[in-house]
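> Fold the following, please.
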Amino acid sequence: MPQTSIKELSENAREFGLRSGRSGPHSSRTISLHELEQLLEAIPVGAEFDDYQQAIVEDNLLDKSTDANRKAALRRLRELYTLDPAAPIFRIFRQLWSVDASGRPLLAMLVAYARDPLLRSSAAPVLETEVGTELMRHAVAKAIDDRAPGRMNDATIDKVARNVSSSWSQAGHLVGRVRKIRQRVTASPANVAFALLLGFVNGLRGKKLLSSEFIQLLDIPDDVARARAIDARRLGLIELRESDDVFDVGFRPLLTERELRIANGTN
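Predicted coordinates for the structure are as follows:
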């Protein structure tokens, strides 16, 4: 089960776009998948942050009632996704989003998980819930509180628990409005390629990438992750040398030279 290991990040991992800390956007919102879909449908690949800002604040693409609400929507989406191609995590996410429509909810979850410690704190109770059974709200609340005991009051913990449960539902791990029932998600090769990359940036190498916390979000065991990685290689998303004893992944198809240096910790 996920060990929320993103605690102290290297400078390279932070530059790539991963975040650690004690708080995060899920104190006030979900992964906002519908708003994200609206935004990325309207803004082309390669757009700069200013384009996203104009669409949300000036053009009111997300149909917010006040200027303050528009700015709040921009701030929260930026906290989760950066909306800036200068951040490698967003540029790669945006590239994969454009080529894998079916994998979009899990792509969004992977970015949000990499950037929000509050969402990460809820992973274990969600993923440990048996498929077809109900997620217990108290288990989610306890996991959130355990991350920093006493830092949040009960009302705040309950709000965060509702937000993270909604995000896991949007990603496909849960179904149901009141009773949240665990269901298994279906991971695409692009999902696996992105999860492998995030594990690599977080310091994992070789076969350890197949059981990273990011791969575990995809509900697949090592052998299926390996098969999806082979599919990702066939699609030109990653480089891969693979055998019984070797699992060597390269990310040159996805990354610029600068991003390769960041991912390899040589920037």
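> so how far is Glu259 from Leu40?
Per CB to CB, to the nearest Å, Leu40 is found 20 Å from Glu259. To be clear about C-beta, it is placed using only N, CA and C from the backbone, and glycine gets the same treatment.
> tally of neighbours for the residue lying closest to Leu240 once chain neighbours are set aside?
Spatial nearest neighbour of Leu240, excluding adjacent residues (CB to CB, 6 or more residues apart in numbering): Arg233 at 4.2 Å. For Arg233, the neighbour count with other CB atoms under 10 Å is 19.
> Let's see whichever strand or helix holds Arg233 as CSV, backbone CA atoms only.
Taking DSSP states H and E as the definition, Arg233 sits inside helix 222-234. Extracted in CSV, the C-alpha atoms of helix 222-234 (Å, rounded to 0.1, in the frame of the first residue of the first chain):
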residue,chain,number,x,y,z
ASP,A,222,4.0,-5.2,-11.0
ASP,A,223,3.4,-7.6,-13.9
VAL,A,224,0.6,-5.5,-15.4
ALA,A,225,2.6,-2.3,-14.8
ARG,A,226,5.4,-3.9,-16.8
ALA,A,227,3.0,-4.9,-19.6
ARG,A,228,1.7,-1.3,-19.8
ALA,A,229,5.2,0.0,-19.8
ILE,A,230,5.9,-2.2,-22.9
ASP,A,231,2.8,-0.7,-24.5
ALA,A,232,4.1,2.8,-23.7
ARG,A,233,7.4,2.0,-25.4
ARG,A,234,5.5,0.8,-28.5
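> tell me which residues of it are tucked away?
Residues 225-226, 228-229, 231-233 are the ones in helix 222-234 that count as buried (16 or more other CB atoms under 10 Å).
> Where does pLDDT dip in the protein?
In the prediction, the chain carries residues with pLDDT under 70 at positions 1-10, 267.
> how about the strands in it?
174-175, 181-182, 239-242, 247-250 (DSSP state E).
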